[in-house]
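> With the sequence up front, the predicted model follows.
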Amino acid sequence: MKSQRIHGLDTLRALAIMLVFANHYMGFVTNEPTFGVFSELGWMGVDLFFALSGYLIGNQIFAGLREGGFSLRNFYARRLLRTLPNYYVVLALYAFWPLFAGTAPHAPWWKYWTFTLNFELIPGTRFSHAWSLCVEEQFYLLLPAVVLLVALMRAPLRLGWCIIAASLAAGMVLRALAWQDLQPPADGNARAYTDIYYATWARFDELIVGVTLALLKNHHAVAWKRLTSMGNTMFAGGLAVTASACWYFLDGHFGFGQTVFGYPLLGLGFGMLLLAALSPGSLLARIRVPGAASIALWSYAIYLTHKQLCIILARHFERHFGWAADGPLVIGLLIAASVLAGFLLYILVETPFMRLRERFVPTNSARRMYEEVDGRSSGSDDRVAAGAGAAGGPVREDGGDQPQAGPERRVREGV
């Protein structure tokens, strides 16, 4: 059955992977902001992936429960078939191919296998950017169980809103306590990345924002209709709030205010942009950016492969041809190589497992919905909108890492 994509979600997901690429290019290839402010703030691409995942996965769960068609077993089976094959193929490259692995030390392998790498992760560890995939997998594991438990309580909707508010407040309090304990420099240090930037409990703001939108859509139809009728207002407001968050973080990523309040501010901006993308009348929803749908669809695979591929190829071009990594020729070649690698991984690994999933694991929704996206998420029921979080594959709306500089290189090792 042919799926219909949401152009706004495609655009946001494509933007997220481009931001991550720009940040990694600075931190691991050229050691300078090759793409200007987009390199400096490119780590925000992961947060945009988080917001997408929160909404898409939350919507899948809430819609399934509302329609009486939600199966926890099917949910987990579909998620694992979407996320694990690509991840373990790339993990095997890091483990068994010395050229791809590079010289960076690896964490205990069980942490990679169990998606717990982000706990006590040291910057510069091999395959370090898998930290965000770990956060998403933990989210995929916990959210449906929590929602099902809340659904059994009295006044579950009210309790759900209380949990959302408490979660956002808890994140700010925990980051404040961690900052007081560490008191890192404004540009951060290794400990700040380990205890704040990579830590699950400190990085779920955007996921919660996405879940909030999903809850609005499924249980507050009047409010949702009103909000999505103001698509261009949300678009303009989202750009303004996101720009404010960018300015705030440029002043010092690990300042006290940025650490405590910056992520919720960024989440608010991304949440408004998501609303705009889901508003049929908004510019963001109506404009189809050429190539965005394909990049969105391949974004999970690109995310997994691009960093080490760029490190290897940049060194090769400089050693054998004398081509500088900050020159337009090498930049173009590395972008093309990253997209090609992502496309091949998507075709050779992801797509076959998506077909298996569609054949053997039913969807969780009682009706077919076609707004899916998958994020750092794709498949028939996953590829509808844009693909979903950084680690997930498309999530339908239904629902070497050795850096060239130390951890003081601002957010360059963060993504």
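Great, that's in hand. Note that this is a predicted model, so its numbers are computed, not measured.
> In the chain, spot the helix with the most residues.
helix 292-321 (DSSP state H).
> Please name every helix or strand in contact with that helix.
helix 7-25, helix 72-96, helix 98-101, helix 328-345 (3 or more CB pairs under 8 Å, 6 or more residues apart in numbering; DSSP states H and E). From N, CA and C alone the C-beta is placed, and that goes for glycine too.
> Can you say which of those is packed in most?
helix 7-25 (a mean of 26; mean count of other CB atoms under 10 Å).
> and that helix, C-alpha only, in PDB?
In PDB, the C-alpha atoms belonging to helix 7-25 read as follows (Å, rounded to 0.1, in the frame of the first residue of the first chain):
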ATOM      1  CA  HIS A   7       6.700  17.200   3.300                       C
ATOM      2  CA  GLY A   8       7.300  19.300   6.400                       C
ATOM      3  CA  LEU A   9       8.500  16.300   8.400                       C
ATOM      4  CA  ASP A  10      10.700  15.200   5.600                       C
ATOM      5  CA  THR A  11      12.200  18.700   5.600                       C
ATOM      6  CA  LEU A  12      12.800  18.700   9.400                       C
ATOM      7  CA  ARG A  13      14.400  15.200   9.300                       C
ATOM      8  CA  ALA A  14      16.700  16.100   6.400                       C
ATOM      9  CA  LEU A  15      17.700  19.300   8.200                       C
ATOM     10  CA  ALA A  16      18.500  17.300  11.300                       C
ATOM     11  CA  ILE A  17      20.900  15.000   9.500                       C
ATOM     12  CA  MET A  18      22.600  17.900   7.700                       C
ATOM     13  CA  LEU A  19      23.100  19.700  11.000                       C
ATOM     14  CA  VAL A  20      24.700  16.500  12.500                       C
ATOM     15  CA  PHE A  21      26.900  16.200   9.500                       C
ATOM     16  CA  ALA A  22      28.100  19.800   9.800                       C
ATOM     17  CA  ASN A  23      28.900  19.400  13.400                       C
ATOM     18  CA  HIS A  24      30.800  16.100  12.900                       C
ATOM     19  CA  TYR A  25      32.700  17.600  10.000                       C
END
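> same question for that helix, mean pLDDT?
Helix 7-25 carries an average pLDDT of 97.
> Which other helices and strands does that helix contact?
Looks like helix 7-25 contacts helix 37-40, helix 44-67, helix 263-277, helix 283-286, helix 292-321, helix 328-345, strand 373-374 (3+ CB pairs under 8 Å, 6+ apart).
> quick one: it to helix 292-321, angle?
20 degrees (axes from the mean of the first three to the mean of the last three CA atoms, to 10 degrees).
> Correct me if wrong: Tyr112 contacts Phe127.
Yes: the pair Tyr112 and Phe127 passes the contact test of CB atoms under 8 Å, sitting 6.8 Å apart.
> what's the overlap in contacts for these two?
91, 106 (CB atoms under 8 Å, 6 or more residues apart in numbering).
> give me the low-pLDDT residue ranges for the stretch 1-150 of the chain?
Within the stretch 1-150 of the chain, the ranges that satisfy pLDDT under 70 run 1-4.
> Report the distance from stretch 237-251 to the chain centre.
Mean-position distance between stretch 237-251 and its chain equals 19 Å (CA atoms, centre = their mean, to the nearest Å).
> Please read the previous query as pertaining to stretch 263-282.
15 Å.
> Ok, stretch 108-119 next?
Worked out by CA atoms, centre = their mean, stretch 108-119 lies 18 Å from the chain centre.
> that older thread, neighbour-wise, which of Tyr112 and Phe127 wins?
Taking neighbours as other CB atoms under 10 Å, Tyr112 and Phe127 compare with Phe127 leading, 26 against 22.
> which residues touch the more buried one?
90-91, 94, 106, 112, 117, 308, 401.
> Mind putting the residues you listed into JSON lines with distance to Leu72?
Shown next, in JSON lines, are the contacts of Phe127 (distance: CB to CB, whole Å):
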{"residue": "Val90", "distance to Leu72": "28"}
{"residue": "Leu91", "distance to Leu72": "26"}
{"residue": "Tyr94", "distance to Leu72": "32"}
{"residue": "His106", "distance to Leu72": "33"}
{"residue": "Tyr112", "distance to Leu72": "25"}
{"residue": "Leu117", "distance to Leu72": "25"}
{"residue": "Gln308", "distance to Leu72": "35"}
{"residue": "Asp401", "distance to Leu72": "35"}
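> which two of those lie the greatest distance from each other?
Among the contacts of Phe127, the pair separated by the greatest distance (CB to CB) is Leu117 and Gln308, at 15.3 Å.
> Run the angle between the longest helix of the chain and helix 328-345 for me.
130 degrees.
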